[in-house]
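Student: compute the structure for the input listed below.
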Amino acid sequence: MVTNLDNGRSTQVTINDRGPFAKGRILDLSYAAAKMLGMIGPGTIPVRIEVIDSGSHEISLIRASLDYTLQAGSFISEENARRLRAHLTNVYPEIPQVSIVPVQGKDAVYFRVQLGTFSDRRDAEGHAQHLARLGLSTIIMEK
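Tutor: Numbering: from 1, shown residues only. Predicted coordinates for the structure are as follows:
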């Protein structure tokens, strides 16, 4: 239950994410909930939050870090993707796993050449820099 401390209006809400991401805020509300509390004009208000039912919901932890992968190319031709994969394994034999990942685009299937899974962005950046020294550009992708 969320109660506007300025006017006493209350509404029941369901928490469905881990926001807010603005400093000094404790909760972002939907437009409908904000309207019920009378906060559309002011934008932010002082509130009291009461947990009515935490239920028997399973709680999953949010990982502190992401995984990263490098993308060295994206091709409509699977053969071109295979050639790049072979080239990468030849010029950089110690590189982590090189794979071809098919992705359905709007009009075609694209074959992405991706390298490794890195739990640390600096590690991914180090491999990307090594590939750049070999004349290959890459994109660091968050998983």
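
Student: tell me the strands beside the longest strand along the chain, with direction?
Tutor: What stands out as the longest strand in the chain, according to DSSP state E, is strand 109-118. Sheet pairing here is set by DSSP bridges, and for strand 109-118 it gives strand 68-75 (antiparallel), strand 98-104 (antiparallel).

Student: beyond that strand, next helix or strand please.
Tutor: From strand 109-118 onward toward the C-terminus, using DSSP states H and E, the following helix or strand is helix 121-133.

Student: packing partners of that next one?
Tutor: Helices and strands touching helix 121-133, by 3 or more C-beta pairs under 8 Å, 6 or more residues apart in numbering; DSSP states H and E, are strand 68-75, strand 109-118, strand 139-142. Where you see a C-beta, it was placed from the backbone N, CA and C, and this is true even at glycine.

Student: would a markdown table of the ones you listed with mean neighbour count, mean pLDDT and distance to Thr11 be doable?
Tutor: Listed next are the helices and strands packed on helix 121-133 as a markdown table, based on neighbours: other C-beta atoms under 10 Å; pLDDT from 0 to 100; distance: least, C-beta to C-beta, whole Å:
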| stretch | mean neighbour count | mean pLDDT | distance to Thr11 |
| --- | --- | --- | --- |
| strand 68-75 | 20 | 92 | 40 |
| strand 109-118 | 19 | 92 | 43 |
| strand 139-142 | 13 | 90 | 35 |
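
Student: thank you, goodbye.
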